[in-house]
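Engineer: Compute the structure for the input listed below.
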Amino acid sequence: MKSKIVILVISMTFFLRSNSQSVAFTHIPAWGSSENLKGKVTGINPGEYKALVFLYFEGGWWVKPYSVLPFTSLQSDNTFTCNVNTGGADIYAGRYIAFLVPKNFQEGSGFDVADLKKRFPFAYYCRKPGKRTIRFSGISWTVKSMGNFRVGPNSNLFTDSNSNVFTDQEGALHLKIICDKTADVYRCAEVVADTSFGYGTYRFIVRSRLDSLDKNVVFSPFTWDEYADEDYFSEIDFMEASTWGEQNGNNMQYVVQPWNVSGNRHRFTIGPDENTLHETTWTKDSVLFKTMKKDGTLIHSWVYRGDIPKPGRENIRINLWLNSADKKPSLPQEDIEIVISEATFQSLLPAPVIRAGKGEADKVVLTWESKVSNHWYRIYRGASEDPVMAKPISGWIPGITQCIDTTGDQGSHYYYFVRCSDNPEGSNNSGLASGYSHPAEGWSKGQVAGIQTAKSPDFLVYPNPTTGLINVSSIKDATRNFSISIYNGQGSVVQQEDLNEKNEILMVQPPGTYLLKFREDGKTIESRIVLVI
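Structural biologist: From the prediction side, this is the model:
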């Protein structure tokens with residue numbers, strides 16, 4: 001008997017998952033309304049099937065319209081209408097799911113949505129958690145509103161009040177936790193971007209100081225994909241400002257969820273700075289976090305190379321909420337405010353794959369892949385796998401996929417990175433650039449005999465040897481003019497330039513050995529460059 005039942009279930013499951021059968025929603029209730037949910041099915045005889053509808057609220061699925069009346073009939077035109085607002089917090093449901101099941105289908109002791117998804121065709125929809133929208137930093141945001149129902153994170157009250165969430169005359173976003181003295185509660189704030197961005201660089205400028213927040217307050221911009229509930233919602237916390245109830249200690253952290261997996265959370269301390277810049281670059285290989293001061297000085301950075309979330313239908317969210325058990329800060333009767341001046345996204349070119357050959361004792365041969373001939377490349381070298389700490393050893397070089405580093409200190413262990421750009425400035429302002437490549441390890445054993453490289457805190461010459469393109473880079477901003485002269489083997493000047501920019505690309509004809517002389521304020525630096533065919 002058991003074998004016959006198993007065979008019947010397998011046969012039915014295969015039939016019901018046929019590609020010719022589908023379920024789709026034709027109307028989703030507006031947030032906070034009591035409208036009905038509507039849908040349509042295809043590929044079946046409506047007299048032989050019915051719909052089974054659920055909504056999701058705060059961790060649980062609820063069958064609709066009622067547990068005692070769980071099924072919804074199909075009309076002759078294959079449509080269905082379900083009353084999904086029959087009480088409680090139904091009007092604030094975050095998700096709907098509707099299954100197409102046989103008319104004789106019953107479930108004895110309750111329904112398991114995860115199991116039903118494996119067996120029957122379904123439609124699935126996640127709603128934005130509010131109806132009020134605002135415009136900030138060129139992006140449309142939905143303001144989270146849950147009435148008087150406490151919801152996550154950490155069972156707080158969220159409101160779309162104009163007092164809690166608003167933009168000022170300068171376009172900055174204000175989020176507030178408001179102390180409602182009448183109701184003796186605190187009302188928190190959250191906004192959700194209406195656009196999904198995926199891989200790229202996310203930047204937030206926070207006008208407010210983050211070191212002086214109450215110990216029970218949490219502020220964070222992050223990604224969240226409601227559809228990815230089985231993959232930790234693809235959550236990346238670009239930064240979280242909080243001491244998590246502790247009076248002292250670290251007040252900031254970067255997180256790739258789940259936070260409780262070793263290596264997924266990185267904590268540090270930020271000081272009394274305003275207008276801090278928080279930048280996160282998310283690629284398929286890494287998540288790179290940076291926090292900087294207003295002038296660009298690096299405060300902290302971290303690179304994560306663990307289980308990288310994949311893009312889906314995630315959105316940026318920014319929230320301000322309470323982590324305390326009784327939901328009351330240690331500074332009662334005070335409103336708490338965070339001001340965000342800017343939230344931007346920049347897509348990226350794919351980063352090339354770089355390889356460092358350890359081969360010869362006097363140089364490191366670097367190669368990288370390129371599928372496009374008109375891109376520019378820049379090489380970075382550092383003492384760790386953190387690309388933020390790596391320094392450029394080249395300017396932006398056009399069209400080359402190999403170079404040789406002869407400038408390292410003997411015996412040092414280096415990590416190399418490469419970035420590409422579709423423009424010679426390497427700037428996202430005038431085009432696209434990639435993030436950093438995955439690091440390649442290499443050893444530098446000193447300099448090639450007979451070849452000298454400019455050793456100056458001001459200038460770099462790269463690459464050496466070269467095929468004819470010489471990149472001259474000023475490490476610091478060129479506040480004064482400087483000149484460069486190129487001499488051939490007979491001592492004649494073949495090129496002379498007065499340079500006012502930080503970087504310059506010069507070209508001479510290979511093969512040969514050329515002498516470069518830099519002059520700035522009476523100081524002369526010489527460097528010999530070998531050109532090869």
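
Engineer: what's the closest non-adjacent residue to the one residue sitting closest to the centre of the chain?
Structural biologist: Centroid check for the chain by CA atoms, centre = their mean gives residue 282 as the closest residue, at 4.1 Å. Using CB to CB, 6 or more residues apart in numbering and skipping the chain neighbours, the partner closest in space to residue 282 is residue 199 (5.5 Å). For glycine as for every other residue, the C-beta is placed from the backbone atoms N, C-alpha and C.

Engineer: Can you give me the distance of the one you found to residue 351?
Structural biologist: Computed as CB to CB, to the nearest Å, the residue 199 to residue 351 distance reads 10 Å.

Engineer: Which neighbours do these two have in common?
Structural biologist: Common contact partners of residue 199 and residue 351 (CB atoms under 8 Å, 6 or more residues apart in numbering): residue 283.

Engineer: When these two are compared, which one has more neighbours?
Structural biologist: Set residue 199 next to residue 351 and count neighbours by other CB atoms under 10 Å: residue 351 wins out with 23 against 15.

Engineer: Check whether that one really touches residue 435, as I assumed.
Structural biologist: Yes. Counting by CB atoms under 8 Å, residue 351 touches residue 435, with 5.2 Å between them.

Engineer: rewinding a little: which ones are touching the residue nearest to the centre of the chain?
Structural biologist: With CB under 8 Å, 6+ apart, residue 282 has these contacts: 198, 199, 200, 201, 202, 223, 236, 308, 309.

Engineer: let's go with 10 Å and repeat that
Structural biologist: Residue 282 makes contact with 197-202, 223, 234, 236, 238, 256, 288-289, 304, 308-309, 311, 314, 348, 435, according to CB atoms under 10 Å, 6 or more residues apart in numbering.

Engineer: Pull out the buried members of these.
Structural biologist: Neighbour-count burial (16 or more other CB atoms under 10 Å) applied to these gives 197, 200-202, 223, 234, 236, 238, 256, 288-289, 304, 308-309, 311, 314, 348, 435.

Engineer: and those residues, which of them are in strands?
Structural biologist: In this view, the buried ones among the contacts of residue 282 that belong to strands under DSSP state E are 200, 201, 202, 223, 236, 238, 256, 288, 289, 304.

Engineer: Turn the residues you listed into TSV, including pLDDT.
Structural biologist: What follows is these, written out as TSV (pLDDT from 0 to 100):
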residue	pLDDT
200	94
201	95
202	97
223	98
236	98
238	98
256	98
288	96
289	98
304	96
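
Engineer: just the residues you listed now: which is nearest residue 98?
Structural biologist: Nearest to residue 98 out of those is residue 223 (CB to CB; 27.2 Å).

Engineer: quick one: the helices in the chain?
Structural biologist: Under the criterion DSSP state H, helices of the chain are mapped to 2-16, 113-119.

Engineer: Pull out the buried residues from the shortest one.
Structural biologist: Of the residues in helix 113-119, those scored as buried under the neighbour-count criterion (16+ other CB under 10 Å) are 113, 116, 119.

Engineer: In terms of secondary structure, what does it contact?
Structural biologist: For helix 113-119, the elements it packs on are helix 2-16, strand 49-57, strand 60-64, strand 95-102, strand 122-126, judged by 3 or more CB pairs under 10 Å, 6 or more residues apart in numbering; DSSP states H and E.

Engineer: Swap in 7 Å and give it another go.
Structural biologist: Helix 113-119 sits against no helix or strand, with contacts defined as 3 or more CB pairs under 7 Å, 6 or more residues apart in numbering; DSSP states H and E.

Engineer: For that helix, list the C-alpha coordinates in PDB.
Structural biologist: Only the C-alpha atoms of helix 113-119 are listed here, as PDB (Å, rounded to 0.1, in the frame of the first residue of the first chain):
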ATOM      1  CA  VAL A 113       4.800  26.500   2.600                       C
ATOM      2  CA  ALA A 114       8.300  25.300   1.900                       C
ATOM      3  CA  ASP A 115       7.100  21.800   1.000                       C
ATOM      4  CA  LEU A 116       4.200  23.200  -1.100                       C
ATOM      5  CA  LYS A 117       6.700  25.200  -3.200                       C
ATOM      6  CA  LYS A 118       8.400  22.000  -4.200                       C
ATOM      7  CA  ARG A 119       5.200  20.300  -5.200                       C
END
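
Engineer: Can you get me a residue count around residue 218?
Structural biologist: By other CB under 10 Å, neighbour count at residue 218 equals 24.

Engineer: who are the neighbours in contact with the spatially closest residue to residue 44 that is not a sequence neighbour?
Structural biologist: Nearest residue to residue 44 in three dimensions, chain neighbours excluded: residue 21, at 5.7 Å (CB to CB, 6+ apart). Counting by CB atoms under 7 Å, 6 or more residues apart in numbering, residue 21 touches 42, 43, 44, 100, 121.
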